[in-house]
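>>> Can you look at this prediction? I've put the sequence above it.
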Amino acid sequence: MMRSEPQIFALDIANEPVFVFEAANAHTAEALVRSSRFVRALANFCAKQRKAWNANAVLSMRAATAAEVSFYRERAAEFADTGDRLLVAHITRE
C-alpha cells in the first residue's frame, strides 16, 4: 500500500494564522488540534508569550497556504535530525 505524503495545516485562532504543522491527513490534524494535550501546550505557549488566549478561543484548522507551507518547511529543515517528533511552528509577524 502506497503512503501519501503528509500535508501541512494551519491553525488559526480568532481568524488569525498562528501555527503551522504537518499531519498525515485532515482527520489526523483535526484530532491533534482537539486533543487535550495539544490545547494545554497551546495555552502554555500563549501564556509564556503573553498572548491573550483561553480554552474558549475560536480555533480553526485549514490547509496551509503556499507561503505557510514554505515557512513550515524552512523551520522543519532546522530540526531534520531530531527524529520522529511533531513540529508545530509558530507563525511570527516580522
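It's in. Small disclaimer: the values here were computed from a predicted structure and weren't measured. Numbers count the residues shown, from 1 in each chain.

>>> Tell me the helices and strands packed up against the worst-scoring helix or strand of the chain on mean pLDDT.
Sorting the helices and strands of the chain by mean pLDDT, DSSP states H and E puts strand 88-90 at the bottom, at a mean of 77. Strand 88-90 sits against strand 16-23, helix 66-78, with contacts defined as 3 or more Cβ pairs under 8 Å, 6 or more residues apart in numbering; DSSP states H and E. C-betas here are computed from N, CA, C, even on glycine.

>>> Pull the distance from the shortest one to the chain's centre.
To tie it back to what came earlier, the one meant is strand 16-23. Per Cα atoms, centre = their mean, to the nearest Å, the displacement of strand 16-23 from the mean C-alpha position of its chain is 3 Å.

>>> before we move on, which element is the nearest residue to Phe19 once chain neighbours are set aside in?
Closest residue to Phe19 apart from its sequence neighbours, by Cβ to Cβ, 6 or more residues apart in numbering: Leu11 at 4.3 Å. Assigned by DSSP states H and E, Leu11 falls within strand 7-13.

>>> Just the buried residues of that strand, please?
Buried positions in strand 7-13, judged by neighbour count with 16 or more other Cβ atoms under 10 Å: Gln7, Ile8, Phe9, Ala10, Leu11, Ile13.

>>> now it and helix 66-78, what's the angle there?
Going by axes from the mean of the first three to the mean of the last three Cα atoms, to 10 degrees, strand 7-13 is angled at 110 degrees with respect to helix 66-78.

>>> Indicate each strand paired with strand 7-13 and its parallel or antiparallel sense.
Strand 7-13 pairs in its sheet with strand 16-23 (antiparallel), strand 59-63 (antiparallel), by DSSP bridges.

>>> Send over it as CSV, restricted to the C-alpha atoms.
Output of strand 7-13 as CSV, limited to C-alpha atoms (Å, rounded to 0.1, in the frame of the first residue of the first chain):
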residue,chain,number,x,y,z
GLN,A,7,0.1,17.6,4.5
ILE,A,8,0.8,20.9,6.1
PHE,A,9,-2.1,22.6,8.0
ALA,A,10,-2.5,26.0,9.6
LEU,A,11,-4.2,26.6,13.0
ASP,A,12,-6.0,29.9,13.2
ILE,A,13,-7.0,31.5,16.5
